[in-house]
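Undergrad: this one's structure only:
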């Protein structure tokens, strides 16, 4: 009998992840202690940085938005037992979709329509960047991990080329396009609040967050309520059973990778339409990679992914504050903490299970399982 | 009840004085996994130089007990005595050093090594391989002559037949000095002739003082070779018998805990028109081996056609092609008057549309998605059906209604729609798969190994369901390595060997011996 059957769900998806997180913070605390700072004060600063200061929550949720998109992208592929490491590249190319749509249409079409088209552009371009590795996996047997990693590099190189040589704003040095026309873009929440007569501190949080929540619901529906989701999960759990059930493996893989890539591509709407208002180099900033940890920690379920995204959003935002507040805690130290959380929540996610099982059996062991 | 049976088998053994003529004595062994008690207060005594059988259904605790004896598991309580001495078997190394050898159901051999290299593994003779080989080869030749263990020491394992691989396993154990040999389901992969050969070897081992424990679910084998037998049920030894004083019926009754019918009522039915015609089908596997050669047969309404043969002689590939999992390469198949030609669009989805249902040989890999809930598995392959879905959405309520009826009508236990199918016992998993396929109202049912790893109670039920389906006029193609099963269920039997059909016979005049000869490729009929 498999081990995970022994303990009830509330322990395995509730308590154990929290224990993992706690461990990660303990070890991080040790590091902070070793470099001569007070770990408790550090945590206090971080929490304040993520939630307390004016606009802090906005920033945290803005990061959260990115992680929801990339987390869902990784999770969907994972339901088909595909390890999509290419979220970073797919998000990046999704940005190209946004950029091209805006640059081509924003002088001629109303901003609202351009924005809608740009959102579609991000999804379609991201999807294309997912479809190619998907096709190679499905039809040619090239391993998706390798191809998606390679496609991250190709995306990076492509974007540098385009931004330096082709779509750069003429007459300037930094590799960026011109600003999109005013009226194009997703409204930031604090501006929206002002229209509604509410006072909110300024933050980059924008309508993409609402899109992310909507997409999360759609994700749940797709995976657990549709025939397609059923086929994806069958394939993910057992390819042989999927073939037996008459599920077309290769087309399912390609479609999953298309949707996965499209989800990752949506990072671009948060970054470009919501904040920067232009296409610029390196806007993905590792969100695609962190999405892997988010999906792992969120156990590939939208609720879990939302919570994990919130955690990582808080870490990003609180980490910045940490960097700011302590001279000895640098950006690298913050990365180290993030790394530890990924290590404990992702890579070592099941480390505590045997221990918890033993304790559980000791106290509840004599109940009878029919 | 006979007086040889007693509660837990304890009193009989406990009342005997500790003796030195028992090679193995297990006392009050208990082993738990979590809240599951795999072995509960087990007592077992095996006299030196005898063959002792252990029978029991899946999950009765046989394997756990043997793994404890072999040092793979540590018992929670209880004692092990070897030749009257209390021992602590805490690892397989220790167990080997104590003279216990185990031949696993799935052989533990390195396929690319020669027989000699495999047999000497773990006891290489000396530091240098070359000189060690000479030492070991001498010793092995001695053993091989003594016990009639006929092997070719130069052959590469992957080229040798399973029967020889098993002999290598036995040699390996003897080479390490085993005086007690545990064999776990040793005959599952053997032809009847090979089984006879194995039993000859076991008898000569016994004559020379080796103690043998034989774990099997085949009662006939227990009756033919063992001296004593223990029956396990629910983690306990429920009865001990002297083999000559018991009968298969009594053993089965003890295994299940109630009376079981070992014979099947076959409905006599007039067969109808042929619904499945297979013509000159050949097939090449991915690594270029011709696994099917010119196979032709037909299957009629209301008929059960059994395909007998040792595992790995092309039966699996045949099932795969007929069910649409593999592409047809050469030949022609006609299903319900629809003809399928080589490399035509033929897949599982289409097969189902044509009325072909399939109970696959491997329910874990194919028939079920193990982590799925029962309700999800109850529609696997039929999930596109409009009964369970509307548009691109699944209709969970309809599925739940369906599965509730299904588990009720086919006695799948526990009767739950939302338990992971992986948590069901083998028998209940098989009932679920069979239920799903029967409920699709097929007129052709392909069945592979319907009772592999299934307990007797469930076997009874599965046979009943198949017979019921047959009397409704469904044509059934039955592939099984259990000859008894083929003989008792089928109307007609074809035998496969090395990818060809080597014989066909009516089940009424088939004998096990004839079929066995055909299975081993010795004789064509």
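TA: Nice, thanks for sending it over. Predicted model, so just to flag it, every value in this text is computed and none were measured.

Undergrad: low pLDDT regions in the stretch 251-400 of chain B?
TA: By pLDDT under 70, the low-scoring segments of the stretch 251-400 of chain B are B:260-263.

Undergrad: and the helices in it?
TA: B:315-322, B:348-353, B:374-377, B:396-409 (DSSP state H, counting those that start in this stretch).

Undergrad: right, and those - which one's nearest residue A:291?
TA: Distance to residue A:291, taken as C-beta to C-beta, is lowest for helix B:374-377 among the helices of the stretch 251-400 of chain B, at 27.3 Å. The C-beta positions use only the backbone N, C-alpha and C, and glycine is treated the same way.

Undergrad: other SSEs contacting the closest one?
TA: For helix B:374-377, the contact count by 3 or more C-beta pairs under 8 Å, 6 or more residues apart in numbering or on different chains; DSSP states H and E identifies helix B:396-409, helix B:426-439 as packing neighbours.

Undergrad: list the buried ones in the helix ranked longest in chain A?
TA: As assigned by DSSP state H, the longest helix anywhere in chain A is helix A:111-140. If you call a residue buried by 16 or more other C-beta atoms under 10 Å in any protein chain shown, then helix A:111-140 has these buried ones: A:111, A:114-115, A:117-119, A:121-138.

Undergrad: likewise stretch B:385-398?
TA: Those would be B:388-389, B:394-395, B:398, for stretch B:385-398 by 16+ other C-beta under 10 Å.

Undergrad: please apply the same query to stretch A:10-18.
TA: A:11-12, A:16-17.

Undergrad: looking at the residues you listed, which one is closest to residue A:236?
TA: The nearest member of the buried residues of stretch A:10-18 to residue A:236, counting by C-beta to C-beta, is residue A:12 at 19.1 Å.

Undergrad: neighbours of residue 65, how many?
TA: Picking chain A for this. Neighbour count for residue A:65, taken as other C-beta atoms under 10 Å in any protein chain shown: 28.

Undergrad: chain B was what I was after
TA: Other residues near residue B:65 come to 28 when the count uses other C-beta under 10 Å.

Undergrad: so what's it closest to, chain neighbours aside?
TA: Leaving aside its sequence neighbours, residue B:65 sits nearest to residue B:39 (C-beta to C-beta, 6 or more residues apart in numbering or on different chains; 5.5 Å).

Undergrad: and what of residue A:105?
TA: Per C-beta to C-beta, 6+ apart, closest to residue A:105 is residue A:114, 4.9 Å.

Undergrad: who's in contact with the one you found?
TA: Neighbouring residues of residue A:114 by C-beta atoms under 8 Å, 6 or more residues apart in numbering or on different chains: A:101-102, A:105-106, A:180-181, A:183-184.

Undergrad: check these and tell me the two furthest apart.
TA: Farthest pair in the contacts of residue A:114 (C-beta to C-beta) is A:101 and A:183. Separation: 14.0 Å.

Undergrad: was I right to think residue A:130 contacts residue A:88?
TA: No: counting by C-beta atoms under 8 Å, residue A:130 sits too far from residue A:88 to count as a contact (11.9 Å).

Undergrad: before we move on, back to that, can you check which of the helices of the stretch 251-400 of chain B gets nearest to residue A:230?
TA: helix B:374-377 (7.0 Å).

Undergrad: any chance you could list what contacts the closest one?
TA: With C-beta under 8 Å, 6+ apart as the criterion, helix B:374-377 contacts A:230, B:368-369, B:396, B:399-400, B:402-403, B:407, B:412, B:416-421, B:424, B:432, B:436.

Undergrad: repeat that for 7 Å
TA: Helix B:374-377 is contacted by residues B:368-369, B:399-400, B:403, B:407, B:416-419, B:421, B:432 when judged by C-beta atoms under 7 Å, 6 or more residues apart in numbering or on different chains.

Undergrad: and the spatially closest residue to residue B:341 that is not a sequence neighbour, how many neighbours does it have?
TA: The shortest distance from residue B:341 to any non-neighbouring residue, by C-beta to C-beta, 6+ apart, is to residue B:332 (6.1 Å). Neighbour count of residue B:332, defined by other C-beta under 10 Å: 16.

Undergrad: swap in the one 4 residues further on?
TA: Neighbours of residue B:336 under the rule other C-beta under 10 Å: 13.

Undergrad: got the residues of chain B near chain A?
TA: By C-beta under 7 Å from any C-beta of the partner chain, the residues of chain B that approach chain A are B:33-36, B:325, B:347-349, B:352, B:360, B:365-372, B:380-381, B:383-384, B:389, B:392-394, B:414, B:423.

Undergrad: which of those count as buried?
TA: Neighbour-count burial (16+ other C-beta under 10 Å) applied to those gives B:34, B:325, B:347-349, B:352, B:360, B:365-372, B:380-381, B:383-384, B:389, B:394, B:423.

Undergrad: got the contact list for the residue of the stretch 301-450 of chain B found nearest chain A?
TA: Nearest residue of the stretch 301-450 of chain B to chain A (C-beta to the nearest C-beta) works out as residue B:349 at 3.1 Å. Taking C-beta under 7 Å, 6+ apart, we find residue B:349 in contact with residue A:246.

Undergrad: can you rerun that using 8 Å?
TA: A:246, B:324, B:381, B:384.

Undergrad: tell me the one of those nearest residue A:144?
TA: Among these, residue A:246 lies closest to residue A:144 (C-beta to C-beta), at 23.1 Å.

Undergrad: can I assume the closest one is in contact with residue B:323?
TA: No: using C-beta under 8 Å as the test, residue A:246 is too far from residue B:323 to be in contact (9.6 Å).

Undergrad: need the residues touching each of these two.
TA: Common contacts of residue A:246 and residue B:323 (C-beta under 8 Å, 6+ apart): B:348, B:351.

Undergrad: between these two, which is the more surrounded one?
TA: When neighbours are counted by other C-beta under 10 Å, residue A:246 and residue B:323 differ, and residue B:323 comes out ahead with 26 against 22.

Undergrad: in stretch B:97-110, what counts as buried?
TA: By neighbour count on 16+ other C-beta under 10 Å, the buried set for stretch B:97-110 is B:98-103, B:107, B:109.

Undergrad: go through these and flag which are in strands.
TA: If you go by DSSP state E, the buried residues of stretch B:97-110 have B:100-103 in strands.

Undergrad: where along the stretch 201-350 of chain A do the helices fall?
TA: Using DSSP H, counting those that start in this stretch, helices in the stretch 201-350 of chain A cover A:208-225, A:227-237, A:239-244, A:249-265, A:267-268, A:287-297, A:302-325, A:331-342.

Undergrad: weakest of those helices in terms of mean pLDDT?
TA: Lowest mean pLDDT within these: helix A:331-342, a mean of 84.

Undergrad: got the angle for the strand or helix carrying residue A:40 vs helix A:331-342?
TA: Residue A:40 belongs to helix A:39-47 when assigned by DSSP states H and E. Interaxial angle, helix A:39-47 versus helix A:331-342 (axes from the mean of the first three to the mean of the last three C-alpha atoms, to 10 degrees): 90 degrees.
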